[in-house]
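> any chance you could fold what I've pasted below:
(2 chains)
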Amino acid sequence: MSSATADRRRADPARARERMLVMLALPALLLLGVIFIWPLLRLLSMSVADGTLDQFEKAALDDLYVMVLYESMEIAVLVTVICLALAYPVAAWLAQAGRTGFILGMFFLLLPFWTSILVRTYAWMVLLGRNGVINRTLRDWGWIEFPLPLLHNLTGVLIGIVHVMLPYMVIPIYAALLRIDPDLRRAAEGLGAPAWRAFLRVTLPLSLPGVFAGCALVFVITLGFFITPALLGGGQVMMIAMLIEQQVREFLDWNFAAALATVLLAATLVIYAALAKLTGGQGHGAR
Amino acid sequence: MAHARRQPRNLGRILLTIFAGLVFAFLMLPLLVVFPISVSSASYLQFPPPGFSWQWYQRYLEDPVWIEATIRSFKVAILCTVLSMGLGVPLSFALVRSRLRGMRIADRLVAAPIIVPNIIISIAIYSLFAKLQLIGVWYGIAVAHTILALPFVVILVSAGLRTFDEAQEQAAMGLGASWPVAVWRITLPQLRPSLISAAFLAFVTSFDELVIAMFLSGASMTLPKKMFDNIMLEIDPTIAAVSVLQIFLACICLGVATLFGRGVVPGTAGR
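Numbering: from 1, shown residues only, chains lettered A, B, ... in the order given. So this is what the prediction gives:
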C-alpha cells in the first residue's frame, strides 16, 4: 500500500507534465477535429447517404468518369517522372555547390515556391499561348511557321504542374544527398571505381529514401490538382478534382461528389502509404 | 559538409551546372515574364510591349474591387497567421515533449492536410459552413486556412524545438521561474528563427490560397479569387501588375524568413 502511494507520488510530476502538454495540444486538436476531421467524415458519409453503393457504381461504370480518373493518374505519373528527371541533377548540383551558388540556387527554387500559383499559372498562359511569348519569339526567329500547340492541352497542364511541384522533389532529394558521408564515395573512387560507377553504386542507392519521399509527395499532390489544369487545360484536360468541383457547383450532386472524393482520398492515402513505406518510414515528417 | 572543396572541373560537372542552370531558368521564367507585360502600353496582351506605361498599376490602385480584395486577403492571412501560431506553437511543445502514444497519432493528423487534396478539404468545409451560414464571412476563410497552415507551423517549430536543450528551461525553473515564464524568457527567444519562418510561411499559405477561398468567399472575394475571375473573364494586363506586386511580396517574405528565420531553406544551418 505505502509503496504504491510512494510510486504514485514519484510519478506525479511526470503525470502533471503530461497533463499540461495535453492541455497545450488540445485547442489545436479541437480545431482540427471540428474544421477538418468532422467535415471530412460528414462528406465521406454522403457518398452512401442513400444506403447503397449506387454512387460508386455510377463512377465505376460510366466511361467518362473512368477516363477522368485514368487521365488524373496518367498526369500524376508523368509529372512525377518529369520532376524526378529535372530535380535529381539540380539536387546533386546544390549538394556540391559553393556558398554563393547554393544561396542563388535556393533563391531560384524557393521564390517560385513562395509566389502565388495564380501568378505562375497566369504567366504560363502569357508564355505558352498561340500568340504567347514563346510562339511569337520562335516565329520571329523563323524557327517555326505555325504556332506550336502549347496551351489548352496536356502539354500546358504538364508544364504548369511540373513548375509548381519541382521544389517538392528537389528538397527531399537534396536533404538525402546531404546525409551521405562524402568519404563513402571517395573510398569507392580511391578503390578505383570511375566517378559514374561510384555514383551508381554508392550515391544513388543511398539517396533513394529522398527520391521516394519526393515521388510520394509529388504524385499525391498532383493527383488532387485543380487550379492549374482548370486554367491551362482550357477544357481539354479534366482531372478528378475538377470533376468534383463541377458536381458540387454546377450539378449540386453532393452524393456523387462525395463518392468521387472518397475514391480520390482512398487513392491518395494508399499510394502515399505505399511510397512512404519505401523510404523506410522516413517519409513522414522527414522534411 | 564538403561543399566548399574545389575539385578539378571535369566534363560531368560542367554538364551538371548547365542542366541545373536550365532548370533554374525554367523556374524563374514565368516570374520574369510578367514584369515587361505589367508596364506595357498595349491594352491587350502583346509581347514585346510596344511602349512603357504605369496604367495597369494605376488601374489596380483605382479599382475598389481589386483594393477591397487585397485588403480582405491581408485580413484573412493575418488572422490565419495569428491562429496557426497561437495553436501551432503550443501543439509543437506537446508533440515534441509528450511521451503519450496518442501524440504520435496527433502528429499524423496535423500533417494530413498536406496530403489530403485541397478540393476535398474545401468542399467538406464548404458543406459545413453553408449549414452554419459562414459563407462570405472573412474570418471563416481564415479559420479554414488555419488547417492548411498548421502543418507548416508545426513542422518548422518542432524542428527548432528538437534542437533546444530543455535543461536550460529546467535551470530557469530551478532558480524560481514558473514554467510559462521560463518558456517565455528562455525557450521562445531561442526559437525565434523558427517562429519567424513559421509565421511568414503561414501568412503566404493563406494569402495565396484559392480553392478554399473560392468556395467560402461568396460575393466577398479574396485577392486570389479576384485574380482567378480576372484570368477566366478578361485577361488584361492589370493582373500582370498585381502579379508583380505579389512577386515583390513573396520576395520580402522569403527574404525576411531567410535572413531572420530558420528551416525554410533546408541545410543552411551549417553554412
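> show me where the stretch 151-287 of chain A dips below the pLDDT cut-off.
Within the stretch 151-287 of chain A, the ranges that satisfy pLDDT under 70 run A:280-287.
> what is the burial count for whatever residue of the stretch 101-250 of chain B ends up closest to chain A?
When scored by C-beta to the nearest C-beta, the stretch 101-250 of chain B has B:Pro117 as its residue closest to chain A, at 2.5 Å. For glycine as for every other residue, the C-beta is placed from the backbone atoms N, C-alpha and C. Neighbour count for B:Pro117, taken as other C-beta atoms under 10 Å in any protein chain shown: 24.
> and the stretch 151-287 of chain A, which of its residues are near chain B?
Within the stretch 151-287 of chain A, the positions near chain B by C-beta under 8 Å from any C-beta of the partner chain are A:163, A:166, A:171, A:174-175, A:178, A:182, A:195-196, A:220-221, A:223-224, A:226-227, A:231, A:241, A:244-245, A:248, A:254, A:257, A:261, A:264-265, A:268-269, A:272, A:284-285, A:287.
> can you select the buried ones from these in ChimeraX?
Buried subset of those, written as a ChimeraX selection, criterion 16 or more other C-beta atoms under 10 Å in any protein chain shown:
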select /A:163,166,171,174,175,178,182,220,221,223,224,226,227,231,241,244,245,248,254,257,261,264,265,268,272,284,287
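> next step: the residues of the stretch 151-287 of chain A next to chain B restricted to strands.
Among those, none falls in strands (DSSP state E).
> so what's the residue of the stretch 101-250 of chain B closest to chain A up against?
B:Pro117 is in contact with A:Ile221, A:Leu223, A:Gly224, A:Phe226, A:Ala241, A:Leu264, A:Leu265, A:Thr268, counting by C-beta atoms under 8 Å, 6 or more residues apart in numbering or on different chains.
> and residue 24, what element?
I'll assume chain A. Per DSSP states H and E, A:Leu24 falls inside helix A:2-32.
> wait, chain B was what I had in mind.
B:Phe24 belongs to helix B:11-38 when assigned by DSSP H and E.
> name the helices or strands packed onto that helix?
Using 3 or more C-beta pairs under 8 Å, 6 or more residues apart in numbering or on different chains; DSSP states H and E, the elements in contact with helix B:11-38 are helix A:63-96, helix A:99-114, helix A:117-128, helix A:154-179, helix B:238-260.
> please repeat the previous calculation with a cut-off of 6 Å.
On a contact count with 3 or more C-beta pairs under 6 Å, 6 or more residues apart in numbering or on different chains; DSSP states H and E, helix B:11-38 meets helix A:63-96, helix A:99-114, helix A:117-128, helix B:238-260.
> looking at the ones you listed, which is buried most?
Comparing the helices and strands packed on helix B:11-38 by mean neighbour count (mean count of other C-beta atoms under 10 Å in any protein chain shown), helix A:117-128 comes out on top with a mean of 24.
> gap between the closest residue to chain B within the stretch 101-250 of chain A and B:Leu132?
Nearest residue of the stretch 101-250 of chain A to chain B: A:Gly224, at 2.5 Å (C-beta to the nearest C-beta). As for A:Gly224, its distance to B:Leu132 is 25 Å (criterion: C-beta to C-beta, to the nearest Å).
> what of A:Thr52?
Look at A:Thr52 and B:Leu132: by C-beta to C-beta, they are 29 Å apart.
> report the longest helix in chain B, please.
Counting by DSSP state H, the longest helix found in chain B is helix B:64-97.
> quick check on B:Phe52: phi, psi?
Torsion angles at B:Phe52 (phi, psi; degrees, to the nearest 10) stand at phi -100, psi 140.
> what's in contact with stretch B:74-82?
Around stretch B:74-82, the neighbours that count as contacts under C-beta atoms under 6 Å, 6 or more residues apart in numbering or on different chains are B:Trp138, B:Ile141, B:Ala142, B:His145, B:Thr146, B:Ala149, B:Ala199, B:Ala202, B:Phe203, B:Ser206, B:Phe207.
> return the set of buried residues in that stretch.
Under the neighbour-count criterion of 16+ other C-beta under 10 Å, stretch B:74-82 has B:Phe74, B:Val76, B:Ala77, B:Leu79, B:Cys80, B:Thr81 buried.
> quick check: closest non-adjacent residue to B:Ile231.
A:Tyr122 (5.5 Å; C-beta to C-beta, 6 or more residues apart in numbering or on different chains).
> so how far is A:Leu177 from the one you found?
Using C-beta to C-beta, A:Tyr122 is found at 34 Å from A:Leu177.
> follow-up on the earlier one: buried stuff in the helix or strand following the longest helix of chain B?
Downstream of helix B:64-97, the next assigned helix or strand under DSSP H and E is helix B:102-115. Under the neighbour-count criterion of 16+ other C-beta under 10 Å, helix B:102-115 has B:Met103, B:Ala106, B:Asp107, B:Leu109, B:Val110, B:Ala111, B:Ala112, B:Pro113, B:Ile114, B:Ile115 buried.
> show me what contacts B:Ala69?
B:Met221, B:Leu223, B:Lys226.
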